[in-house]
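A.B. asks: Sequence first, predicted coordinates after that:
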Amino acid sequence: MHDAPQARAASPSAGSHVSTGTGRCRVGFPRALIYYLQSSFWRHFVSAVGGELVLSPRTGAGLWDEGLSSGDEDLCLPVRVYLGHAAHLAERTDLLLAPRLVGLEAGSHMCPFFLGLPDLVRSRLPGARVVDPTVRVGGSSVRFRRELRRLQRSFVRCAPVERVPLRGIEIPRREGYCPSLAVRRRPGATGDGSLPEVAVLGHPYLVGDDYLNMGLLHRLHDCGVRPVCIDQLDPRDLSRSRTADRPYWSESARMLDAARHFVRRGVEGVIHVSAFNCGCDSFVSYRLQQYMRERKGPPPLQLVLDEHSGEAGIATRVEAYCDMMLRWSEG
Amino acid sequence: MRLIVPRMGDMHVIVAGILRELGHHVEVPPPVSAHTIALGSRHAPESVCLPCKVVLGGFLQVARRARVDGALMAAGVGPCRFGCYHRLHRAVLRRLGFDWQWFIARPPRGHMAEVLGELSRLRSDAPLVEVLALLRLGWHKMKAVEAIDALSRKVYPGQRISGGISSARRAAVREVADAEDLAALRETRFESLRWVRQAGGGAPSCNVVRVGMVGEIFTVMEPGANMQVQKRLGEMGARVYRQLRLTDWIKENIILDTLRLPGKTGELRRAAAPYLRHFVGGEGRTTVGRVVQMAEHVDGIVHVMPFTCAPEIIARAALRAVQRDHDIPILTLVFDEHCSPTGVQTRLEAFVDMLRKKKEQKR
């Protein structure tokens, strides 16, 4: 279901911000962070209330530079890239939709950057008109609908359309994002079972963004292994391998659940992709290594992404890891 | 039982006192040194924040020289990493061969029975009334220690002899911790405040500037984690204002939160609202609120945080706007494993000089 926006953005130079001239409120939605966790709800909602959702193009050199020039060197890479996308949209749309994801699972939190994201956008882009509905699964749905009505009002204010009733809308859950490369078979490959599997653990906004992870999935395909992502798994498999003593960040908890599942399934390799200074991952990587040691799983490769733009480091590490994996699976 | 409590400012003294009264043998890590930080960073994952490493380093220092059966540690409920420290500490120490029992003090909302059950194992045979009396005494001792700290910050610019206030303060805290009951505490408190006041009764050698201190709670309170910013500022003739207190933290996050009552955070929330509209974990929002509240009364703000502390990074982004709107200079100091104090010293000196010049110009 996520393939449609990808196809639309296949030519980033043409831009996904072509004016339709329909007089509808144009709502910008950055193709970063939240896009990879929860986007189809917002697309449907915005079109249902008579607006038009405008996605930013895929991350490329321009947006990257824009984001990194934000000056806050302590923010993590995906957040800075998000700010780049937001800056791009702020100039081209009427409103900027930056939901505040507080929790996508009952009883758990997102990382603090998600909690403060709209405020970060506001302080970085003082002129932008930011709308920030709060999403907290397990919270009050009456309050959520009140937020949606507020959102609707700001849409109507910018381009008058008829108001539709919002009754019955529930707080949206996590949707996730499955990169098409992960599910696609490698051209020329004889069958799925023949290639060794490597589990790619990481936040969907790192695994899903090819520019951020320097084409990790492509590289894995080229090395002759088949990447498997967390969002590709059957939710039942994940809930069956729930770890005890889960961390309170929902994404990290999922990552540990998935690691358990992958070890049971017998994947040949595990790659943990994280962003430099990611608070959640600083704890998860330790637990992951510990878990793999205890369960005699494959030793995980940790790839830390930062502003460094040279690809050689990533390339050599991925190749070396895949070589090791292939030798293992042969022996 | 042989217990260990983490070190934080002067507060561990009081906690250790309560546990000793309950019949435990209590070990407290030595003051934070370069060795503590080195030990902590050797065994913790590379990218966790400094408080986690400092506490782990302290635990390891004790574990290497004395037998310990259990540890008392505080925790939160997220999304700040602080709530996960104990899990990491437990895992690291277990791998190093120290299989301790852990007692976790955390906000009990939602798991009251679990938390109380865990902590009541520390009670041994003492009757509940006695425990409550001990806790009450401990609470007042904490208040007294905070009063001593506040006074020493206030009178520091007028210190008579170099090091006088620090030693008066140390003695005062020791006296307070040793008080037997509430009546004795009242007397000691009065007496010890007098010592501190005497030690700082001289005339300041230069124009006193007022500096507010905000930031992540451990980095603000533990001098070993912030290279003694408070003392350095005092020696430069700055009066340090700090609204962040551990008793307030306990009151807001544990007592009032459990009873679901509103506390002082409401005011802070309203003050921070134009810049930060949602809770972001840790002290993030209260940092912004405090700066807005203090902006009228102080000449400058020192904002301290550990490297990669997400709530404070968000607060810092918001503070840029506060700085602009309220015309208040803010110096952010980020602390990591780097142990040389020279950088901090020069930056603080430059900051205080700047504040002093600004103040003179205003006149």
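C.D. replies: Here it is on my side, so go on.
A.B. asks: Tell me the buried residues in the helix ranked longest in chain B?
C.D. replies: Criterion DSSP state H: the longest helix present in chain B is helix B:128-155. In terms of neighbour count (16 or more other CB atoms under 10 Å in any protein chain shown), helix B:128-155 has its buried residues at B:131, B:134, B:137-155. From N, CA and C alone the C-beta is placed, and that goes for glycine too.
A.B. asks: my guess is B:Arg81 meets B:Val48, correct?
C.D. replies: Yes. Counting by CB atoms under 8 Å, B:Arg81 touches B:Val48, with 6.9 Å between them.
A.B. asks: shared neighbours, the two?
C.D. replies: Contact criterion CB atoms under 8 Å, 6 or more residues apart in numbering or on different chains; residues shared by B:Arg81 and B:Val48: A:Ser282, A:Phe283.
A.B. asks: Specify which residue of the two has the higher count of neighbours.
C.D. replies: Under the criterion of other CB atoms under 10 Å in any protein chain shown, the comparison of B:Arg81 against B:Val48 puts B:Arg81 first, with 28 against 23.
A.B. asks: separation between the more buried one and chain A?
C.D. replies: 5 Å (CB to the nearest CB, to the nearest Å).
A.B. asks: Find the residue closest to B:Val208 in space, skipping its chain neighbours.
C.D. replies: B:Pro157 (4.7 Å; CB to CB, 6 or more residues apart in numbering or on different chains).
A.B. asks: pretty sure A:Ala98 is touching A:Pro133, no?
C.D. replies: No. Using CB under 8 Å, A:Ala98 is not in contact with A:Pro133; the gap is 9.0 Å.
A.B. asks: So these two - more neighbours on which side?
C.D. replies: Higher neighbour count among A:Ala98 and A:Pro133: A:Ala98, with 25 against 19, using other CB under 10 Å.
A.B. asks: which residues touch that one?
C.D. replies: A:Pro30, A:Ile34, A:Ala86, A:Leu117, A:Pro118, A:Val121, A:Val130, A:Val131, A:Asp132.
A.B. asks: Any figure for the gap between the spatially closest residue to it that is not a sequence neighbour and B:Thr332?
C.D. replies: Distance criterion CB to CB, 6+ apart; nearest residue to A:Ala98, sequence neighbours excluded, is A:Pro118 at 4.6 Å. Per CB to CB, to the nearest Å, A:Pro118 is found 22 Å from B:Thr332.
A.B. asks: now swap in B:Arg153 and tell me
C.D. replies: Between B:Arg153 and B:Thr332 the computed distance is 20 Å (CB to CB).
A.B. asks: Kindly report the same for B:Gly281.
C.D. replies: B:Gly281 sits 18 Å away from B:Thr332 when distances are taken as CB to CB.
A.B. asks: higher neighbour count, those two?
C.D. replies: For B:Gly281 versus B:Thr332, neighbours defined as other CB under 10 Å are more numerous around B:Gly281 (27 against 19).
A.B. asks: can I assume that one is in contact with B:Gly78?
C.D. replies: Yes. Proximity of B:Gly281 to B:Gly78 meets the contact threshold set by CB under 8 Å, at 6.8 Å.
A.B. asks: any shared contact partners between these two?
C.D. replies: In contact with both B:Gly281 and B:Gly78: A:His109, using CB under 8 Å, 6+ apart.
A.B. asks: which SS class is B:Glu312?
C.D. replies: When classified by DSSP: H, G, I helix; E, B strand; the rest coil, B:Glu312 comes out as helix.
A.B. asks: for the closest residue to it other than its chain neighbours, phi and psi?
C.D. replies: The shortest distance from B:Glu312 to any non-neighbouring residue, by CB to CB, 6+ apart, is to B:Met305 (3.6 Å). Note on B:Met305: its backbone torsions stand at phi -160, psi 150 [degrees, to the nearest 10].
A.B. asks: hang on, isn't B:Leu182 packed against B:His140?
C.D. replies: Yes. B:Leu182 lies in contact with B:His140 (CB under 8 Å); the separation is 6.3 Å.
A.B. asks: quick one: contacts for the residue nearest to B:Glu312?
C.D. replies: Counting by CB under 8 Å, 6+ apart, B:Met305 makes contact with B:Gly215, B:Glu216, B:Thr219, B:Glu312, B:Ile313, B:Ala315, B:Arg316, B:Thr332, B:Leu333, B:Val334, B:Phe335.
A.B. asks: Show me what it bridges to in the sheet.
C.D. replies: On the basis of DSSP bridges, B:Met305 takes part in beta bridges with B:Val334.
A.B. asks: how close does it sit to B:Asp325?
C.D. replies: In terms of CB to CB, B:Met305 sits 21 Å off from B:Asp325.
A.B. asks: Show me which residues of the stretch 151-300 of chain A are close to chain B?
C.D. replies: A:245, A:247-249, A:276-283, A:285-287, A:290 (CB under 8 Å from any CB of the partner chain).
A.B. asks: got the contact list for the residue nearest to B:Val208?
C.D. replies: Contact partners of B:Pro157, counting by CB under 8 Å, 6+ apart, are B:Gly200, B:Pro204, B:Cys206, B:Val208, B:Gly234, B:Gly237, B:Ala238, B:Arg239.
A.B. asks: which secondary structure element contains the fifth one?
C.D. replies: Using DSSP states H and E, B:Gly234 maps to helix B:229-235.
A.B. asks: just checking, next helix/strand downstream of that helix?
C.D. replies: Downstream of helix B:229-235, the first helix or strand assigned by DSSP H and E is strand B:238-241.
A.B. asks: chain center to that next one: distance?
C.D. replies: On the basis of CA atoms, centre = their mean, to the nearest Å, strand B:238-241 sits 16 Å off its chain's mean C-alpha point.
A.B. asks: quick one: which of the contacts of B:Pro157 is most hemmed in?
C.D. replies: Busiest of those [other CB under 10 Å] is B:Ala238, holding 30 neighbours.
A.B. asks: Any idea how many residues pack against B:Glu360?
C.D. replies: Using other CB under 10 Å, B:Glu360 has 9 neighbouring residues.
A.B. asks: scratch that, A:Lys296
C.D. replies: 7.
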